[in-house]
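**Q** Give me the fold of what follows.
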Amino acid sequence: MHLTRFLLLLFITSLVTLSTPLSFIHAQSEFQTTDLSGLSFDQEVSIPIDTSLPEAIYQPIDLRVEFDNPCWAKNQTIHSVRVAYKNGGDYTEIESQIYDLSHTDETHIDACSLVFIIPKEATGEETYHVLYSDTETSAADYPDHIIVKDTHYFYEPITGQIMDFDYYQINQDENAIYGICQKGELLENGMSNAVVKLLPGSTEFSTKNAEQIVGFYTSYSINPPGEHIGTQWAEDITKTVLIDGNLMTRIRIKGSSPKNDLLTDNIYTYYYNPTETKRLVVNTNHQVLEDIQIQGDEQREGTLASLSTIKARSGTIDDMNLGEILPKIHFYSEDENIVDYDMPTDPDADPADWLLGYSDDQDLGSNAWICIDDPATGKAHGLIFEANTGILEGDNDGIQVKASVKQHVKLPGLEADSGDLFAFRNAYENGEHITTLSKGENVLFNAQYLALQTGGYERIDAESKLFQQLIKEYPITRGNETMEEEPTEEPETYTIKTTVHQGVSAPLGSLLSAATGRNVSYLSAELHKAETMVSSGSVGRLKFNSLSIEFAEDANLIQKVQAVASMFDFRNSTLFKTITFNDVEAGTYIIKIYKENPLRYDQRQFIGFTTVEVTEDTKTRVTCNKQTTIELFITDQNDDSIENVKAQLFTDDQLVSTASTDANGTVILPLPAYTNKEFKLKTIYDGFLIYEEPVSFNILNRFRPWTTEISVLRYDLKLTVKDTLGLPPGIDPRPMVKSQEMIQQTSIAAEQINAGTYQFTDLYEATYDLTLSYKSCEQTETVSLSKDKTIDIVFPAEFTLETTVLNQVGNSINTADLMLERSGKKIKEEITEEGRGEITAPPGTYKLTITKEDTTIATQQVSIKGDKSIDIISNQPSSLHQFLPIILIIIGVAIAGIIYWKRLLGLSKNGLYIILALLLLSSIFIPWWQLHGENNSIETVSETYLYPPTLITRTESNTVIGGEVSEVPEIFTTVLSLLSMLLIVTSALIIFLPFIQKRYPKISWILTMVIILLLILNIALFYITMSEVTKIGIGDFSGSGDISISLPGESDPQSIPSSWGAGLGFYAAIISLIGVLSLRFYPIIQQKIIQKKN
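**A** Got it, this is the predicted structure:
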């Protein structure tokens, strides 16, 4: 009877198959689709991520596929391979790419690497399939989205400041996405293995289109402090395009440091993405070729990768207006929490100010990501690492986070700053700082650079979980050779053959459901290890060979029935319903049986399970039963529902079912109504085991759920945090609690109510370790919570502000008083004889006031977030520059008077030479160039001096008195120093000239020409040099207009009407030149005129 019914159902199903299309073929409209029904073979592809997640859309899938049948393929573009996804009964073709083909003959392959993109229609319910044929098939007509160009860029905005590098430009369709640099420099920074991310919508590579620079080179600190060297300066470059496809391109760049002590060998992979979100996967290899001793500031002890945000502003050159420094740093810390720090958007530090240095000991946790972002817009640039371990062997394995800001250029009308976030090897742990790189160290890791226009650090955190799953499947290749790795021993695997009893469903239900698109019931099975599903599939009696059927046009009914019969693998079919799990590693597993599409229920039913210990090929049985449920209702002492309580049901220490409470405090655990099994129910809240009881079922539980109510005691903990000044902290100390009573260690963060006030809400009754931390400062207290509680805490973090006070020309002041003020609290110190003063204060934003003899000479806002050094220009005049020019001129006039008085003795007008010489000498201490600007509330002055060779800017407003020494190219200060020496020599020659005129007339004329040439050289050299500096910021050597300036200590720029041009020193040199010319040539001209009259 059973056999007759089975054959009848088989015949009916065959007729359905003959009359129903196997699948409905859909495709994306951007390309010419393939008739998938003409492809002979269909293999389902396992996707390693949950495609129901929003961040899964457009994720690249890159994996190795081994074909069960011969696959026709000539090369990477001419082949039969297609990819489609199916949701219900429909196939939809999507674009794909293959590479790294394993040929069995000239036209067939048995394996290849496959790339496709998760479509926007993904719901998590779809399956992905590789379809192919063993016979010749026309090539796919997919658009080539990605183009790689090997090209060069050069730009010199200021003489000596160049942007000159070779790079690969990666274009997606009509847009330029990246410039991946091979070698060269950008404003005195090496660029080998640096990636320039361009702004969305860029069609060409240019500086104004640069959005972010990401470094995948390695470097280390050298002397003097602030300097470093590494593979970014590589010249011996090896480069190649490994793969250039329609959806993915892969390139390789290799180079060593100038000292040949470091080597970087990277593989960059870019995947097509139709949105503004861009991903670049980098396989990074850093090698230490020689023993290296870290020197200088010792902050760089082997860079792994870095994010560099650049901001430049020019008043005259549009190409120099680029980038922005995003205001926040976020990363996933070793405490398994997301932490944040402020990134100054208008830094004034040179050398770099390390916001996070090695002594702050900030390491990455398991999600292993860092980012620079703007919470207001959601823009973010992040680096995601495949893991936070496996970098180096030993106790110092891991990734340390550091950050710095630097002002590179500061001129009138021009400013260039950077903010850098670094990932370093973990060179600092437990107070020990490793300052050597040992020969033979080899760092190999995978990372993803993720650029977002929206979503912020939260999106990067979510994507980190996906990348760490996807990267395990990515076949990183060099050409068509898989990257060489150390051989690993493959674990032995086994099969589990499972027979299912008493599980009623429609015969061939999974096939009918897929073929008709209707909800036909069938059984499915899942293999779980702990909380991870290892494998799944449908349960049935009949096994299938292939679901592809081709009928000849003249086929009769018998031939069609034979073709249908060939679909079935009768040899491996069984009388009972079975499923076989292959390639299972040794361990303890649980097999779960579900009834899909049940008639009387909206959701699938959990109807059976069994546990199995796998040490060899194993057979097991599952007897199914009706589904029942365990229903829990969890509240606190105030009868408030508790959400997100995890309920877990175990049998034989194996997890059977788990779920979490909803907003109503309710959780439902489905499971089979086994009356012969004992279960253990556990509920976990914030890591605490709040309920644990045995559970057993009786016959009535087949018809009603097992229910219970749980009440939990919860309390609030309020913190009032103050710093050592008794004020709310100027930073977020991130209060967190943990408890030794937790069975799952969980860090619970407090909510900030207002400045200095935090609250933990609904904490479980327990004893907690309360921790407050900022950078390297950490404070821990033990808190027992048995009622609502409020506690006061003093957070002891303090940092040192080192201040160098300079006068109006940039020389140190040796006596002055410092005062920091915040919210009425004051801290005072004195300046030492070296012109430096140190104040230790808790972090925050202060008003810094500098006084001398009870007169304020400088005041500005200063933000203290760590140890910091600043230079401040005061309005204190320089006695040398104030009086020496006057003294020199007075001396000159006096000497000239004496000489004039003695002219009866035969010394004529030679005293004028002395005046000219001393006037020229005094010009060294007078500004040669000046800018002056003011409005109703702000006045600013910029002056260029030859001694000291600086460009000084001083600004005064209602709140600020101060200034800064402009950051200028080194060649500029070199020229100013040279001019000083030339002027001293020229002055000496002018003084010497009148004493040899009568005795050595020929020599005096030679000397005169030398003096004239030196004066012309001085004037011309200064004019040309200063013009080069001003043209990029304000346009010309002289002029007027609105200039954008930044007030010291403030980030918002101000536009001020200004005028600029030559200073008194420049005019003094011109007067000296005219004077020498007049004194030497006027008598000759006068004599010739007299001769003509006679």
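**Q** Just the helices from this protein, written as ranges.
**A** Listed in chain order, the helices of the chain (DSSP state H) span 2-19, 456-470, 509-516, 557-565, 879-901, 911-922, 970-992, 1001-1031, 1064-1093.
**Q** can you pull the contacts of the nearest residue to I310 once chain neighbours are set aside?
**A** Spatial nearest neighbour of I310, chain neighbours left out: G323 (4.3 Å); criterion: Cβ to Cβ, 6 or more residues apart in numbering. Yep, even glycine has a C-beta here, placed from its N, CA and C like the rest. With contacts defined as Cβ atoms under 8 Å, 6 or more residues apart in numbering, the neighbours of G323 are A210, E211, Q212, T309, I310, K311, A312.
**Q** Please apply the same query to Y132.
**A** L39, S40, F41, Q43, F67, N69, C71, W72, H79, S80, V81, R82 are the contacts of Y132 under Cβ under 8 Å, 6+ apart.
**Q** residues in contact with the residue nearest to the second one when sequence neighbours are not counted?
**A** If you skip the residues right next to it in sequence, S40 has S133 as its closest partner in space, 4.7 Å away by Cβ to Cβ, 6+ apart. Shown in contact with S133 (Cβ under 8 Å, 6+ apart): G38, L39, S40, F41, C71, W72, S80.
**Q** Between those, which sits nearest F697?
**A** Nearest to F697, judged by Cβ to Cβ, of those is F41 at 46.4 Å.
**Q** Okay, that closest one and A234: tell me how far apart.
**A** To A234, F41 is 47 Å away according to Cβ to Cβ, to the nearest Å.
**Q** In terms of neighbours, single out the busier of the two.
**A** Set F41 next to A234 and count neighbours by other Cβ atoms under 10 Å: A234 wins out with 26 against 19.
**Q** Now that one. Nearest residue, chain neighbours left out?
**A** That would be G255: by Cβ to Cβ, 6+ apart, it lies 2.8 Å from A234.
**Q** tally of neighbours for Q502?
**A** Using other Cβ under 10 Å: Q502 sits among 13 other residues.
**Q** quick one on the thing from earlier: which one of the helices of the chain lies nearest to I391?
**A** I391 sits nearest to helix 456-470 of all those, at 14.8 Å, using Cβ to Cβ.
**Q** Give me the contact list for the closest one.
**A** Under the criterion Cβ under 8 Å, 6+ apart, residues 48-49, 53, 55-56, 59-62, 328, 330, 332, 338, 340, 367-369, 371, 373-375, 378-380, 382, 384, 386-387, 448, 450, 452 lie in contact with helix 456-470.
**Q** Narrow those to those that are buried.
**A** 49, 53, 55-56, 59-62, 328, 330, 332, 338, 367-369, 371, 373-374, 379-380, 382, 384, 386-387, 448, 450, 452 (16 or more other Cβ atoms under 10 Å).
**Q** Which ones among those lie within strands?
**A** Of the positions in the buried ones among the contacts of helix 456-470, 60-62, 328, 330, 332, 338, 369, 371, 373-374, 379-380, 382, 384, 448, 450, 452 sit in strands, assigned by DSSP state E.
**Q** where do the strands sit along the stretch 401-550 of the chain?
**A** Shown for the stretch 401-550 of the chain, the strands assigned by DSSP state E, counting those that start in this stretch span residues 414-425, 428-429, 432-433, 436-437, 442-452, 477-478, 481-482, 493-501, 522-529, 532-539.
**Q** and these as CSV, adding distance to K828 and mean pLDDT?
**A** What follows is the strands of the stretch 401-550 of the chain, written out as CSV (distance: least, Cβ to Cβ, whole Å; pLDDT from 0 to 100):
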stretch, distance to K828, mean pLDDT
strand 414-425, 31, 90
strand 428-429, 34, 88
strand 432-433, 34, 90
strand 436-437, 42, 92
strand 442-452, 46, 94
strand 477-478, 63, 58
strand 481-482, 67, 42
strand 493-501, 73, 91
strand 522-529, 65, 89
strand 532-539, 61, 83
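**Q** Ok, which of those strands comes nearest A749?
**A** Judged by Cβ to Cβ, the one of the strands of the stretch 401-550 of the chain that comes nearest to A749 is strand 414-425, at 22.1 Å.
**Q** From the contact counts, what lies against that closest one?
**A** Other helices and strands packing on strand 414-425, by 3 or more Cβ pairs under 8 Å, 6 or more residues apart in numbering; DSSP states H and E, are strand 303-314, strand 369-374, strand 399-411.
**Q** wait, which of the ones you listed is closest to G608?
**A** In terms of Cβ to Cβ, the element of the helices and strands packed on strand 414-425 nearest to G608 is strand 369-374, at 40.8 Å.
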